[in-house]
Every structure is written in C-alpha cells, then in structure tokens.
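S.K.: Below are the sequence and a predicted model; questions follow.
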Amino acid sequence: MEIDHEIAMFGHKRIPSHEGEIEVVVEEPATRMIERGHNVMPDQKNTSVKHIFVIGCKSIGLYGGYETFVDKLTEQHQNDLSIKYHVACKANGEGFMDESKLDGVENTMINSDGTVVEFTYHNAHVFKIPCLNIGSSAAIYYDRTAVKYSIRYCKDNHIESHEVLLYSIVLCCYLCN
C-alpha cells in the first residue's frame, strides 16, 4: 500500500524532546506515523536551535587536547541542525588559529587589513579574538573578550538567552578555585 500523505506537526519546541507535555504528545504519534510510512514534517518555525559558544580554544585541532576535542565535537555535530557551535579562537600569539591549515573552511569574513576574522568550519561559526601580548594575563583578557563578543553576537542576531550555552573550560576553572 503506497502512502502519499504529508503530515505537519506543530506546537512543539523540538523532537526529540526531554521536556514533556506537547512535545511528548507530538513525538509519540509522529514516531508511529513515520514507522507506518507517512512523511512527518516538524514545524520548522518552532524548532529551537541551541547556540553553544565555546571559549578557551587557541585554535581548532591544531594545538592541543582541548583544541582537538572541539574539532571532533564540531565534526560530529556538523549535520545536527538543532545545534549551532560558535568557537572563539586566538587571532595571534602562540597557538593562534591558522585556518589555512584546515580542510573545509567556508564563508571567510576578512577585515580591512586582509586578515580573516570569522569563518565556518564543520558548520560551526569560528571567530578570532586578537590577544594582547601581556604574558600570563593574556588568557584572562582573551576569555573576557570572547565572552563580550559572544554576548554582542547574541544581541545583534536576536538570539534569546534560553537558546544559549556558554562553555569555557578556563572560566570553569576560575569559578571552581
């Protein structure tokens, strides 16, 4: 038996969901309908993207363990449309982000002096933070500047606070000490 119905589901935030109520009411029958051959489409205007800002990388995959972790994390989730990674990297100094060493860099944004300031890699938005040469305090300056950039980016792009997760291994270490 050929089924040619297209069924639109709406009123939910996302599927799969861990929130309950309308999400469960939509998810359970949608799953059964898909199993029976129906084409079930989520309401695209109600799907919420989680914006995850990763702070503390010097580069992506080119420096150390944390940088390799972020590289693999963004690679693994590059086709997940419910997550958008935003990764801060160093624009200069030891271990800085050299995007020319990565395969698959797209959408480069270049400033007036010809240097790359933003690009897309593994579907992640990567932005480069210029660092001052101030010794060990440079890490604190970098983190603070990256957080300020992230907040401004959210405001400029109308990203609501419930859609944002800020992840910084360095900031977590500061807060735990």
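M.R.: Perfect, thanks for sending it.

S.K.: So what sits opposite residue 106 in the bridge?
M.R.: Taking DSSP bridges, one obtains residue 120 as the residues bridged to residue 106.

S.K.: Note down every partner strand of the longest strand that the chain contains and its orientation.
M.R.: In the chain, taking DSSP state E as the definition, the longest strand is strand 83-90. Here strand 83-90 has these sheet partners by DSSP bridges: strand 50-55 (parallel), strand 124-129 (parallel).

S.K.: What residues of the first one count as buried?
M.R.: Neighbour counts using 16 or more other Cβ atoms under 10 Å place 51-55 of strand 50-55 among the buried residues. To be clear about C-beta, it is placed using only N, CA and C from the backbone, and glycine gets the same treatment.

S.K.: re the thing from before, list the contacts of the longest strand of the chain.
M.R.: With contacts defined as Cβ atoms under 8 Å, 6 or more residues apart in numbering, strand 83-90 is touched by 49-60, 70, 73-74, 77, 96-97, 121-129, 131, 142, 146, 149-150, 153.

S.K.: circling back to that earlier point, want to try CSV for the strands paired with strand 83-90, with distance to residue 84 and mean pLDDT as columns?
M.R.: Conversion of those to CSV gives the following (distance: least, Cβ to Cβ, whole Å; pLDDT from 0 to 100):
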stretch, distance to residue 84, mean pLDDT
strand 50-55, 5, 90
strand 124-129, 7, 94
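
S.K.: Among these, which comes closest to residue 137?
M.R.: With Cβ to Cβ, the closest approach to residue 137 among the strands paired with strand 83-90 belongs to strand 124-129: 14.4 Å.

S.K.: Could you point out the helix or strand that follows the closest one?
M.R.: For strand 124-129, the following helix or strand on the C-terminal side (DSSP states H and E) is helix 138-156.
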